[in-house]
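Novice: What would the 3D arrangement of this be:
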Amino acid sequence: MKRGRLPLTALRSFEAAGRLGSFTLAADELSVSQAAVSRQVKELEAELGKPLFERRHRSVRLTAAGRSLLDVLSRSFDAMDASLSEIRGRRGGGLLEISAEPSFAACWLVSHLEDFRAGHPEIDVAVDSDMRLIEFRTHEAEIAIRHGMDAKAWPRTEADLVVEVDLVPVIAPALLASGPPLRTPADLLAHTLLHEENRSVWERWFAAAGVEGVPLGRAQIFAEGNLVLQAVLRGHGVALVDRFLAAEDITAGRIVQPFDLSIRHGAYWLVARSFKRLSPEARAFRQWLLQRIAASGGT
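Specialist: Predicted coordinates:
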């Protein structure tokens, strides 16, 4: 097919839908209607004479042909976006944009950013607290900090290990003094258990402690780890928190770790499209972050 006849609009719609796994999300990203995305993908399929998606109830899945085309298109669009960004001068200029997991941003990054700024006063930092996996395209952050349970890499990106996550039980000193005594791990069941997202993590910790088949009782469930930590600090119950992120509160005595038993809960990763193509600002931040955490015993 001649380049002048390439269906660029349809290819862009297909790439977004395939990458995001949803016509609706693709429409949101492209600022068009879901019907427009669907129509453009159908026109592309008609042009190719092959289906690119398996359409199911409320979901779509790429066919083999779709996966092959998506791989080429995503790499091509990424390369075009990177080239356009360099020409525009989007990077540099003393501004560093970082996308960080909310818990990492609230519990560690904010309190340590001044240390980075002290060493690099010429760099302004913009932090976007977001859980979504960004694509590192125009108008998005250049570098991201992400949590992964099992993943050590993400499509079309590079990743550095920042710190492994170990969850430990913690409680506010006042609640520890006034509530039921904690002599064994099972005694935690007499307190309100605070959960991040669901009860499965506490179930894993109790199983590791040899406490099995016991109902978890009263509970409060929060969407993010930093909300759980705030609830613990206010004496609302006991929680499993990231030992690294809660280290300052534990050391200062604002919360108490009654038992040393921990369970592994994934890790935080520093993610970028390409570490070799980072701006000077992003390279400085990467070096500082990894050295700062290594010095604190995080890795």
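Novice: quick one: the helices in the stretch 1-150 of the chain?
Specialist: 8-20, 23-30, 34-48, 64-88, 102-104, 110-119 (DSSP state H, counting those that start in this stretch).
Novice: Output the ones you listed in CSV, with mean pLDDT, distance to R234 and mean neighbour count appended to each entry.
Specialist: To be clear about C-beta, it is placed using only N, CA and C from the backbone, and glycine gets the same treatment. Output for the helices of the stretch 1-150 of the chain, formatted as CSV (pLDDT from 0 to 100; distance: least, CB to CB, whole Å; neighbours: other CB atoms under 10 Å):
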stretch, mean pLDDT, distance to R234, mean neighbour count
helix 8-20, 89, 38, 20
helix 23-30, 86, 36, 18
helix 34-48, 92, 43, 17
helix 64-88, 82, 44, 14
helix 102-104, 92, 17, 21
helix 110-119, 92, 19, 12
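Novice: Domain ranges for this protein, per the record?
Specialist: When the chain is parsed with automatic domain parsing, its domains come out as 3-74, 95-160+267-295, 166-264.
Novice: any chance of these in JSON lines, plus distance to L84?
Specialist: Converted to JSON lines, those look like this (distance: least, CB to CB, whole Å):
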{"stretch": "domain 3-74", "distance to L84": "14"}
{"stretch": "domain 95-160+267-295", "distance to L84": "7"}
{"stretch": "domain 166-264", "distance to L84": "34"}
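Novice: Minimum distance to I293: which of the helices of the stretch 1-150 of the chain has it?
Specialist: I293 sits nearest to helix 110-119 of all the helices of the stretch 1-150 of the chain, at 9.1 Å, using CB to CB.
Novice: quick check, V165 in a strand?
Specialist: Yes. Using DSSP: H, G, I helix; E, B strand; the rest coil, the secondary structure at V165 is a strand.
Novice: number of nearby residues for it?
Specialist: Other residues lying near V165 total 23 when counted by other CB atoms under 10 Å.
Novice: Kindly report the same for the one 10 residues further on.
Specialist: Neighbouring residues of L175 were enumerated by other CB under 10 Å; the total is 19.
Novice: and if you look at V127?
Specialist: 16.
Novice: Hmm, P102 and it touching each other?
Specialist: No. Contact criterion CB atoms under 8 Å: V127 and P102 do not qualify, at 10.5 Å.
Novice: Could you report the neighbour count for W108?
Specialist: 28.
Novice: whoops, I mixed them up, R56
Specialist: R56 has 8 neighbouring residues, counting by other CB under 10 Å.
Novice: How about D150?
Specialist: Close neighbours of D150, defined as other CB under 10 Å, add up to 6.
Novice: V60: what's it in contact with?
Specialist: Going by CB atoms under 8 Å, 6 or more residues apart in numbering, V60 touches 17, 21-23, 53-54.
Novice: at 7 Å instead, please
Specialist: 21, 23, 53-54 (CB atoms under 7 Å, 6 or more residues apart in numbering).
Novice: Can you check the pLDDT for it?
Specialist: V60 is assigned 87 on the pLDDT scale.
Novice: Please report how far it lies from E197.
Specialist: Distance of V60 to E197, computed by CB to CB, to the nearest Å: 26 Å.
Novice: still on that earlier bit, could you export the helices of the stretch 1-150 of the chain to JSON lines, including columns for distance to A223?
Specialist: Output for the helices of the stretch 1-150 of the chain, formatted as JSON lines (distance: least, CB to CB, whole Å):
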{"stretch": "helix 8-20", "distance to A223": "22"}
{"stretch": "helix 23-30", "distance to A223": "20"}
{"stretch": "helix 34-48", "distance to A223": "27"}
{"stretch": "helix 64-88", "distance to A223": "30"}
{"stretch": "helix 102-104", "distance to A223": "9"}
{"stretch": "helix 110-119", "distance to A223": "19"}
